[in-house]
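Peer 1: model this:
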Amino acid sequence: MEIDAGTPKPGRLFVIAAPSGAGKTTLVRRLMEADESVKFSISYTTRPRRDTETNGKDYFFVDKSTFRAMIEAGDFLEHAEVFDHYYGTSKSQVEGMLNTGDNVILEIDWQGAQQVREHMPYCRSIFILPPSVSELKARLTGRGTDSDAVIERRYRDAVSDMSHWQEFNYVVINDDLDTATAELRAIVSGAENRTANSTDDASVRARVSAILG
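Peer 2: Next up, the predicted model:
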């Protein structure tokens, strides 16, 4: 059966994107712990599974030939290549959750967000930002898992990604984790009436301009 992706569903779809180092994954995890009505769409990826990860829980891990076949079959709502690995969101998985009334979170990059908006224009999009570019660099360095060359590459890409914040409906600045979590939860629970954090708000735009310099 063909999926009518452009028609609004009983559940609400939220697209959350951020530059590397902004704390998106931590914020999404805290949101889901605080709100049981929010469900997470599990992405497909070709990157190697880490020891702490479980297939079907953290990601669906597949090889590149399988992923490419899924692209050809039109199975993805969005997909992208990030740091030499593919990532994608299953169209049928998202549609199934929305049709049962779940509020669904997609944790993807800004390019994926563009693809989702093309197919599902009723979605609400949220961009997570660090409090400053210097703090972003400190967070990337502080991970202690990457070489200097990889850190520099991630930093350059992250700064470039930050320039796309105006493409989103809302911005959350992750300066204080508790405050950022509360703002994210407020957006998800009352998106229709939420004006704080809106990218159309003058005070929000001023804060972001100060971060980007």
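Peer 1: Mind listing residues that contact the lengthiest helix in the chain?
Peer 2: Across the chain, the longest stretch assigned as helix under DSSP state H is helix 148-162. With Cβ atoms under 8 Å, 6 or more residues apart in numbering as the test, helix 148-162 has contacts from 17-22, 83, 109-110, 129, 133, 136-137, 140-141, 146, 211-212. C-betas here are computed from N, CA, C, even on glycine.
Peer 1: show me where this protein has helices.
Peer 2: 24-34, 64-72, 91-99, 110-119, 133-142, 148-162, 177-189, 202-212.
Peer 1: one step back: alpha carbons of the longest helix of the chain, as PDB, please.
Peer 2: Once non-C-alpha atoms are left out, helix 148-162 reads as follows in PDB (Å, rounded to 0.1, in the frame of the first residue of the first chain):
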ATOM      1  CA  ASP A 148      43.200  15.900  16.300                       C
ATOM      2  CA  ALA A 149      42.500  15.700  12.600                       C
ATOM      3  CA  VAL A 150      39.100  14.100  13.100                       C
ATOM      4  CA  ILE A 151      38.200  16.700  15.800                       C
ATOM      5  CA  GLU A 152      39.200  19.600  13.500                       C
ATOM      6  CA  ARG A 153      37.100  18.100  10.700                       C
ATOM      7  CA  ARG A 154      34.100  17.600  13.000                       C
ATOM      8  CA  TYR A 155      34.500  21.200  14.200                       C
ATOM      9  CA  ARG A 156      34.600  22.700  10.700                       C
ATOM     10  CA  ASP A 157      31.500  20.700   9.700                       C
ATOM     11  CA  ALA A 158      29.700  21.600  13.000                       C
ATOM     12  CA  VAL A 159      30.300  25.300  12.400                       C
ATOM     13  CA  SER A 160      29.000  25.000   8.900                       C
ATOM     14  CA  ASP A 161      26.000  23.100  10.100                       C
ATOM     15  CA  MET A 162      25.100  25.900  12.600                       C
END
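Peer 1: what about Arg49, neighbour count?
Peer 2: 12 (other Cβ atoms under 10 Å).
Peer 1: Fine by me, we can end here.
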